[in-house]
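Enquirer: only the shape, not the letters, is given here:
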């Protein structure tokens, strides 16, 4: 039977949400508390100090989410080192991860660090809905004590990659059953790997050795109140970004978006930021694909898909290359990651979004560019502008505040900032010459 619990202290996410809802009442309570403490008799304060005794040690909590990559592995090691340096009462790993993308040797090395830590390392799989699977589940099993939250799962450990002497006997006895299956908060107690309920992180911490608590019996029922300081830690900002970019969904979408934006920039007459953003997305997506276990033939199919769409974008009509590209996109997307399937929502966004943009949206844009190379722009012949950069052969000029790709019609370069005159229009490019020394004054053509 499930029981209702009240967490003695909230997690970082819960504290953030609660703070927004009750900050004004808390200010009022803080003021009232200050008045009450100021009026408290000296004997009462002495009694509270006696009940607390020496200041209990602080405990550290690190949040492990997503796949265990090298960034997370380094974070765990550094957190253990920090806890040892400040003589923490213990380090709790709050885990929600379905596996590792580092080598088996790296997992075994990390297990030795956890097992040999000078401060006890604990594992809590939570909150509700969290999972600890694969090599990450094996790491949790190595900790001093572990528990599973209500609604969380532990198991599907796969092939054991950590030396058996680091595991407790209870795990080795259940290793075969946990290889391809998971257990919940009740199952983990039944197999002997946990000895108590731990519905929340707070209840798990209260029972840990050395964790400070006092009994508050001022109410109808005695309540345990934590006195140990709990410090929550996450990945540093930059490391957190890179860890996110290395997740399967982000790496897949960034790679496709980057390729599509580069194609868009290639066929755009004006100069925009699509190329810069596309290149950045492609680099970040490639980083994620390099970290994750991918099938490189599937990555090659995604590249073929982008190139195939680009060919038909130039023609402005979906033909055989669009069919080849769509098939390549579907196959490459479905079999991209080895052992880590992409969610159907991500697949719909990737396949549907890219194919729709490449087959429908982008060809229409290109047809409007190539179909009217001069119509509607004759007024620009003879117009004056400024070179946005040095133009040796190709470059960018600004006409009436708008940037345009341009070619110079002479061998002498035009320095940046010099005035230029439009003398002709060739496809997507403006043919320009310097204001002085041009072969002919074309301003009369505007009349």
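Expert: Structure's in. What do you need? Keep in mind it's a predicted model, so treat the numbers as computed, not measured.
Enquirer: residue 258 and residue 274 touch, don't they?
Expert: No. At 10.3 Å, residue 258 does not count as touching residue 274 under the criterion of Cβ atoms under 8 Å. All C-beta spots, glycine's among them, are computed from the backbone N, C-alpha and C.
Enquirer: quick one: which of the two has more around it?
Expert: Of the pair residue 258 and residue 274, residue 258 is the one with more neighbours under other Cβ atoms under 10 Å, namely 21 against 17.
Enquirer: quick check: that one vs residue 151, distance?
Expert: Residue 258 sits 37 Å away from residue 151 when distances are taken as Cβ to Cβ, to the nearest Å.
Enquirer: return the helix or strand in the protein with minimum mean pLDDT.
Expert: The helix or strand of the chain with the poorest confidence is helix 42-52; it has a mean of 31 (mean pLDDT, DSSP states H and E).
Enquirer: next SSE downstream of that one?
Expert: strand 59-65 (DSSP states H and E).
Enquirer: low pLDDT regions in the stretch 101-250 of the chain?
Expert: By pLDDT under 70, the stretch 101-250 of the chain has no low-scoring segment.
Enquirer: how about a cut-off of 80?
Expert: Within the stretch 101-250 of the chain, the stretches with pLDDT under 80 are 219-220.
Enquirer: what are the ranges of the strands in it?
Expert: 121-125, 131-133, 145-148, 153-155, 182-183, 213-216, 223-226, 230-233 (DSSP state E, counting those that start in this stretch).
Enquirer: could I get those strands in a markdown table, plus columns for mean neighbour count?
Expert: Putting those into a markdown table (neighbours: other Cβ atoms under 10 Å) gives the following:
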| stretch | mean neighbour count |
| --- | --- |
| strand 121-125 | 27 |
| strand 131-133 | 24 |
| strand 145-148 | 26 |
| strand 153-155 | 25 |
| strand 182-183 | 19 |
| strand 213-216 | 14 |
| strand 223-226 | 15 |
| strand 230-233 | 16 |
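Enquirer: which one of those strands lies closest to residue 161?
Expert: For the strands of the stretch 101-250 of the chain, proximity to residue 161 was assessed by Cβ to Cβ; strand 131-133 is nearest, at 13.4 Å.
Enquirer: spit out the contact partners of the residue most central in space within the chain.
Expert: Geometric centre of the chain, nearest residue: residue 244, 1.7 Å, by Cα atoms, centre = their mean. Applying Cβ atoms under 8 Å, 6 or more residues apart in numbering, one finds that residue 244 lies in contact with 66, 250.
Enquirer: try it again at 6 Å.
Expert: Taking Cβ atoms under 6 Å, 6 or more residues apart in numbering, we find residue 244 in contact with residue 250.
Enquirer: how much space between it and residue 265?
Expert: Distance from residue 244 to residue 265, by Cβ to Cβ: 25 Å.
Enquirer: same check on residue 90?
Expert: 53 Å.
Enquirer: and what of residue 100?
Expert: Taking Cβ to Cβ, one finds residue 100 at 37 Å from residue 265.
Enquirer: next: residue 57.
Expert: 57 Å.
Enquirer: same check, this time on residue 87
Expert: For residue 87, the distance to residue 265 equals 55 Å [Cβ to Cβ].
Enquirer: tell me which of those two has more neighbours.
Expert: The residue with more neighbours, out of residue 87 and residue 265, is residue 265; 18 against 10, by other Cβ under 10 Å.
Enquirer: ok, and the closest non-adjacent residue to that one?
Expert: Leaving aside its sequence neighbours, residue 265 sits nearest to residue 275 (Cβ to Cβ, 6 or more residues apart in numbering; 3.6 Å).
Enquirer: what number of residues lie near residue 178?
Expert: So residue 178, with other Cβ under 10 Å, has 24 neighbours.
Enquirer: can you tell me the closest non-neighbouring residue to it?
Expert: Closest residue to residue 178 apart from its sequence neighbours, by Cβ to Cβ, 6+ apart: residue 155 at 4.4 Å.
Enquirer: who's in contact with the one you found?
Expert: 178, 181, 182, 183.
Enquirer: picking that back up, which pLDDT value goes with the residue nearest to residue 265?
Expert: pLDDT recorded at residue 275 is 81.
Enquirer: the stretch 301-447 of the chain: strands as residue ranges?
Expert: 384-387, 394-399, 402-408, 419-426, 429-434.
Enquirer: contacts for the first one, please.
Expert: Contacts made with strand 384-387 from outside it, assessed by Cβ under 6 Å, 6+ apart, are listed as 397, 398, 399, 414, 416, 418, 419, 420, 421.
Enquirer: hmm, which of the residues you listed are the buried ones?
Expert: When burial is judged by neighbour count using 16 or more other Cβ atoms under 10 Å, the buried members of the contacts of strand 384-387 are 397, 399, 414, 420, 421.
Enquirer: now the two most distant members of those residues.
Expert: 399 and 414 (14.1 Å).
Enquirer: how long is stretch 222-229 from one end to the other?
Expert: Length of stretch 222-229, first residue to last, Cα to Cα, to the nearest Å: 21 Å.
Enquirer: burial count for residue 191?
Expert: That count, for residue 191 with other Cβ under 10 Å as the rule, works out to 16.
Enquirer: residues near the nearest residue to it once chain neighbours are set aside, how many?
Expert: Spatial nearest neighbour of residue 191, excluding adjacent residues (Cβ to Cβ, 6+ apart): residue 174 at 4.4 Å. Residue 174: 21 surrounding residues under other Cβ under 10 Å.
Enquirer: look up how far residue 152 lies from residue 174.
Expert: 17 Å.
Enquirer: got it, and residue 117?
Expert: Counting by Cβ to Cβ, the gap from residue 117 to residue 152 is 24 Å.
Enquirer: go on, residue 274?
Expert: 43 Å.
Enquirer: and residue 79, how many neighbours?
Expert: When neighbours are counted by other Cβ under 10 Å, residue 79 comes out with 19.
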